[in-house]
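Undergrad: Okay, predicted coordinates and the sequence, questions at the end:
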Number of protein chains: 2
Amino acid sequence: MGKTAKEKILEAADELFGTVGFDAATTREIAEKSGANKALIHYHFQSKQGLLTELLDRYYRKLGEKIEGALILEDKGSTRDRLLGLVDVYVDFLIENRNFGRIVQREAAGGAHVERIAGHMAPLFSIGIQTLKSVYPRTQAGEAAAEHLLISFYGAIISYFTYGELISRLLDDDPMSQAAIDLRKRHLKWIASTLIDSVGSNDS
Amino acid sequence: MGKTAKEKILEAADELFGTVGFDAATTREIAEKSGANKALIHYHFQSKQGLLTELLDRYYRKLGEKIEGALILEDKGSTRDRLLGLVDVYVDFLIENRNFGRIVQREAAGGAHVERIAGHMAPLFSIGIQTLKSVYPRTQAGEAAAEHLLISFYGAIISYFTYGELISRLLDDDPMSQAAIDLRKRHLKWIASTLIDSVGSNDS
DNA sequence: AATTTAACTGGCCGGTTGGTCAAATTCAAA
DNA sequence: TTTGAATTTGACCAACCGGCCAGTTAAATT
């Protein structure tokens, strides 16, 4: 069974939205790239906006499952280990879905789709905030507040993937090579563990 | 002396590029918002693209001066203090230029302007990398490499400003209130000092 | 005051945009 | 094989896009 036209359209839209952005991508390009007729886009998704909506819904459903799985379901390991495991989950997801980060980064900066993206992200953040606050009392408020910690860490993770051209200039080799990704993960885990250990200890 | 038409056009473009994005902003809107004739945009900036180019050049010139000033020129204080001072400089800059972060976040994710932005950012990053590596030997390579540290910290700083709608949902009060900004700065400095102290010490 | 230069304007243009629609095709159920 | 719904198509459209240009106004320069 080959891919349906609907799926091909979604894939083409994903690629174009990710590389040139939602506004710059045209329904004609999407149709051409997917091999479908342009009118078919509106038959399946009503509008260009509906195409992005469906794309985001699918992405966040997949991501939500992975995050919940890593943070809640698999109760093996300490909370600390599960938080560090989030690095793997998120980085792997961003690698497997290279356009997702770009789309979110772009559309979250402002415009017509901000609220939809925020609506998807908020509950995912809430899980992390709840976890942090219940386990590490010092993250309940102040300079190490869980909200701020997660915002910072989210920015740290995603920046590596959305500033590709810049990273290529700063790093010598290919930033997306397995070796480079492994080092990036080690770096992020080092940051996470250093900060977690800091809020975990009792010295001010 | 009132503002020139050229300056008014730049301001209107800044606002529109920041809120709806470069592609969604039209030269007609920019002209209307600035009170100038649409053709005047092309007279002063050749093209819509030229308008963005001029805007980015001005932003990065201002930002570059501030970063160099904080990190190099003012040799008062230790390197550690100067690095922490970067938080104030960058956060203040993003507050005073609310659209800058949005524009960069959006256009750096991909598309026609990536290389120009990367070209502006790379030398600024190089200054920080050089500073870190010369003072903290453990940032020369590995999991605490200066390149990775700066990428992470850059993402942590800017994410607070570019994910406005999300932050509003996570934080109770206005994220741009003075109190909220002060807390954000304290948080970022806490992260920075924790990590710097970690690479400054000799224990693995 | 004359003349050159810069700043500015209204109107226009070719091309592209997202979206629509009736008709054709495919497909499954009866 | 007939029928009806789901899918796909090509042609078309009004609106809008960035850019252009001849000409007007304003500001320096001589």
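TA: Nice, I can see it. Residues are numbered from 1 along each chain as shown, chains lettered A, B, ... in the order given.

Undergrad: Can you name the residues of chain A that neighbour DNA strand C?
TA: Contacts of chain A with DNA strand C, taken as CB under 7 Å from any atom of the strand, map to A:25, A:26, A:27, A:28, A:29, A:38, A:39, A:42, A:46, A:47, A:48, A:49. Backbone N, C-alpha and C define where each C-beta goes, glycine included.

Undergrad: So the third one versus residue A:33, what's the distance?
TA: So the one you mean is residue A:27. 11 Å (CB to CB, to the nearest Å).

Undergrad: again with the second one
TA: Taken as CB to CB, the spacing of residue A:26 relative to residue A:33 amounts to 10 Å.

Undergrad: dump the residue contacts of the nearest residue to residue A:162 once chain neighbours are set aside.
TA: The shortest distance from residue A:162 to any non-neighbouring residue, by CB to CB, 6 or more residues apart in numbering or on different chains, is to residue A:105 (4.3 Å). Contacts for residue A:105 (CB atoms under 8 Å, 6 or more residues apart in numbering or on different chains) come out as A:158, A:162, B:105, B:106, B:108, B:109, B:162.

Undergrad: Kindly recompute the last result at 10 Å.
TA: Shown in contact with residue A:105 (CB atoms under 10 Å, 6 or more residues apart in numbering or on different chains): A:18, A:117, A:158-159, A:161-163, B:105-106, B:108-110, B:159, B:162-163.

Undergrad: Let me know the helix or strand that the spatially closest residue to residue A:87 that is not a sequence neighbour is in.
TA: In space, and not counting its chain neighbours, residue A:87 is closest to residue A:188: 4.8 Å by CB to CB, 6+ apart. Using DSSP states H and E, residue A:188 falls within helix A:178-200.

Undergrad: How far off centre is that helix?
TA: 17 Å (CA atoms, centre = their mean, to the nearest Å).

Undergrad: Against which helices or strands is it packed?
TA: Identification of packing neighbours for helix A:178-200 by 3 or more CB pairs under 10 Å, 6 or more residues apart in numbering or on different chains; DSSP states H and E yields helix A:79-96, helix A:114-135, helix A:146-162, helix B:146-162, helix B:178-200.

Undergrad: and that helix, what's its mean pLDDT?
TA: Averaged across helix A:178-200, pLDDT comes to 96.

Undergrad: try stretch A:32-43
TA: For stretch A:32-43, mean pLDDT is 98.

Undergrad: Quick one: residues in contact with that stretch.
TA: Stretch A:32-43 has contacts (CB under 10 Å, 6+ apart) with A:3-13, A:15-16, A:25-31, A:44, A:47-48, A:50-51.

Undergrad: That one and DNA strand D, are they touching?
TA: Yes. Among the residues of stretch A:32-43, A:36, A:37, A:38, A:39, A:40, A:43 lie within reach of DNA strand D under CB under 7 Å from any atom of the strand.

Undergrad: Sort out which of these are buried, if you could.
TA: Neighbour-count burial (16 or more other CB atoms under 10 Å in any protein chain shown) applied to the residues of stretch A:32-43 next to DNA strand D gives residue A:36.

Undergrad: which among the residues of stretch A:32-43 next to DNA strand D gets closest to chain B?
TA: Relative to chain B, the closest of the residues of stretch A:32-43 next to DNA strand D is residue A:38; by CB to the nearest CB it sits at 19.6 Å.

Undergrad: Could you find which two of the residues of chain A next to DNA strand C are furthest from each other?
TA: Maximum pairwise distance in these, criterion CB to CB, is 18.6 Å, between A:29 and A:46.
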